[in-house]
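# just to be clear, the model below is a prediction. Sequence and coordinates:
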Amino acid sequence: MPNRTLPLIGIVLLLSTPALAFDFDLQKAIDFAKKAQQASKTIDEPEEIEIGHGIAANLLGASPLLPDNKVQQYVNQVGRWISLHSERPDLPWQFGVLDSSDVNAFATPGGTIFITNGLLQRLNNESELAGVLAHEMVHVLRKHHLAALQKSARMDIASELAGEALKGKADSAVLDKAIKAGTEVYARGLDKDDEFEADRMGIVIATRAGYDPFGLPAVLQMLEASNAKDSSLALMFKTHPAPQDRLSLLDKAMGDRFDAYAAPAQTDKRFSNEIALRK
């Protein structure tokens, strides 16, 4: 990764006013409702971003950002670099470290990705961080949460949105219901196939960005070796397939095709300066 400062999206604002940092525009959400003609309507990119911002605000309401500008900037720099090697580099990608001891990471539609401080502190190098962020990035690229949202929201919420549009107005309670339905996806988790796909594609994206492809497998090995009764891992284990299952599938998918990619020493130095020394 070049030693230049990549554009950071409102990181200072994120830290100062987390609930408002994503500037969830109600009028834009109303416009989305007005355009909703049927439950199976394809969600376009602007709508995807607005829905993601609303869900991100809810997640931040439950767990604020870590009040450490340098750590936030560093994770944003790594994440933005990886995003440039994805199939959707022009999304308004932004990354945040949640001030939580839980071990987890989240992505919302449109390109907002969170990693908990609890998980960040268990990582050993930047390639592991890149593996986690790239995994979450795939959920955005493949629109996994949007598909789960449309499925879980059922016909009633979509019909209410369309009904409000036909009446020429929008009830904020209906919009809140749609955002709530999206937020509830994070408590249930995605389909296992979505998680397996995010593992496979995440490794490819991280490797394309110049990282050790075995960063994510190393994180999964750490999770596999962790105490399953550790309360900080409860949500991770509830919403994700077993680490051993993920490792087994990755081993079959990777084979020896990634063995030639060496770990970049300069990234380990960066990680040590920004994260490891702060533990």
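Happy to help now that I have it.
# quick one: low-confidence ranges for the protein?
1-43, 152-182, 263-264, 276-279 (pLDDT under 70).
# residue ranges for the strands of it, please.
94-98, 105-108, 112-116 (DSSP state E).
# need the CA coordinates for stretch 143-150. PDB is fine.
C-alpha atoms of stretch 143-150 as PDB (Å, rounded to 0.1, in the frame of the first residue of the first chain):
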ATOM      1  CA  LYS A 143     -25.400  -7.300  -1.500                       C
ATOM      2  CA  HIS A 144     -25.900 -10.100   1.000                       C
ATOM      3  CA  HIS A 145     -27.600  -7.900   3.600                       C
ATOM      4  CA  LEU A 146     -29.900  -6.300   1.100                       C
ATOM      5  CA  ALA A 147     -31.100  -9.800   0.000                       C
ATOM      6  CA  ALA A 148     -31.600 -10.800   3.600                       C
ATOM      7  CA  LEU A 149     -33.400  -7.500   4.300                       C
ATOM      8  CA  GLN A 150     -35.800  -8.000   1.400                       C
END
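# export the strands of the chain as TSV, with columns for distance to residue 244 and mean neighbour count.
For glycine as for every other residue, the C-beta is placed from the backbone atoms N, C-alpha and C. Listed next are those as TSV, based on distance: least, Cβ to Cβ, whole Å; neighbours: other Cβ atoms under 10 Å:
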stretch	distance to residue 244	mean neighbour count
strand 94-98	26	26
strand 105-108	19	25
strand 112-116	22	25
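# can you put those in a markdown table and add distance to residue 71?
Converted to a markdown table, those look like this (distance: least, Cβ to Cβ, whole Å):
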| stretch | distance to residue 71 |
| --- | --- |
| strand 94-98 | 6 |
| strand 105-108 | 15 |
| strand 112-116 | 10 |
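# okay, and the beta partners of the most centrally placed residue in the chain?
Closest to where the C-alpha atoms of the chain average out (Cα atoms, centre = their mean) is residue 107, at 1.9 Å. In this entry, residue 107 is beta-bridged to residue 113, by DSSP bridges.
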